[in-house]
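> here are the coordinates; sequence isn't available:
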């Protein structure tokens, strides 16, 4: 009988403690939209109005608050709202910011060979960043770009 009680308490502890532990993360942090359609809402629940519909998978967002399966996020233009945690990934991505083309280089140096020029608004996978340069991959084309031209790189 005591074995059954221990099993019951273990199951209850996991059921109650799991969601609490999932919310025990350091804020803010970077995330990205993990679906082809995601809704930003005015509050943390499906009963709240939809403010924006995102159709851009991998768009980077900054998570600034957590509440029971919902994330209060900031997107690249500064818009803030709530999104279901199930629509987000911890995959690091970034978006090219600024007005001019961003050179993607073979190595982390302005003197390095030019691979491609990226337009503002291009979204890609973010790799390691060091000394003002970040590894960046767009449609399987990889290289190095200046970190200051990426929203989603660096500390959130």
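Noted; the coordinates are in hand. This is a predicted model, so every value here is computed, not measured.
> any weak-confidence spans in this protein?
1-23 (pLDDT under 70).
> Can you list phi and psi of residue 78 for me?
phi 100, psi -10 (degrees, to the nearest 10).
> whoops, residue 57 was the one
Taking degrees, to the nearest 10 as the convention, residue 57 sits at phi -60, psi 140.
> Contact partners for it?
33-36 (C-beta atoms under 8 Å, 6 or more residues apart in numbering). (Glycine included, C-beta is placed from N, CA and C.)
> And the most centrally placed residue in the chain, which helix or strand is it part of?
With distances taken as C-alpha atoms, centre = their mean, the chain has residue 31 as the residue nearest its mean C-alpha position (1.6 Å). According to DSSP states H and E, residue 31 maps onto strand 29-33.
> After that strand, which helix or strand is next? Please name it.
strand 38-41.
> roughly how far out does the next helix or strand after that following strand sit from the chain middle?
Once the chain leaves strand 38-41, the next helix or strand it forms, by DSSP H and E, is strand 50-54. Here strand 50-54 is found 17 Å from its chain centre; the criterion is C-alpha atoms, centre = their mean, to the nearest Å.
> swap in stretch 26-33?
With C-alpha atoms, centre = their mean, you get 5 Å for stretch 26-33.
> Touching it from outside, list them.
54, 56-66, 71, 73, 83, 87-93, 152, 156.
> The chain: helices as residue ranges?
2-22 (DSSP state H).
> re earlier: give the bridge partners for the residue nearest to the centre of the chain, please.
As for beta bridges, residue 31 partners with residue 61 under DSSP bridges.
> how many neighbours does residue 154 have?
As a burial measure, residue 154 scores 14 neighbours (other C-beta atoms under 10 Å).
> Would you map out the domains in this structure?
Domain ranges of the chain: 2-91, 94-151, per automatic domain parsing.
> Roughly how far does the residue nearest to the centre of the chain sit from residue 46?
Residue 31 sits 20 Å away from residue 46, taking C-beta to C-beta, to the nearest Å as the criterion.
> can you check residue 148 too?
From residue 148 to residue 46 the distance is 38 Å (C-beta to C-beta).
> now do residue 75
Counting by C-beta to C-beta, the gap from residue 75 to residue 46 is 20 Å.
> Please say which of the two ends up with more neighbours.
Legend: neighbour count by other C-beta under 10 Å for residue 75 and residue 46, higher for residue 75 (20 against 10).
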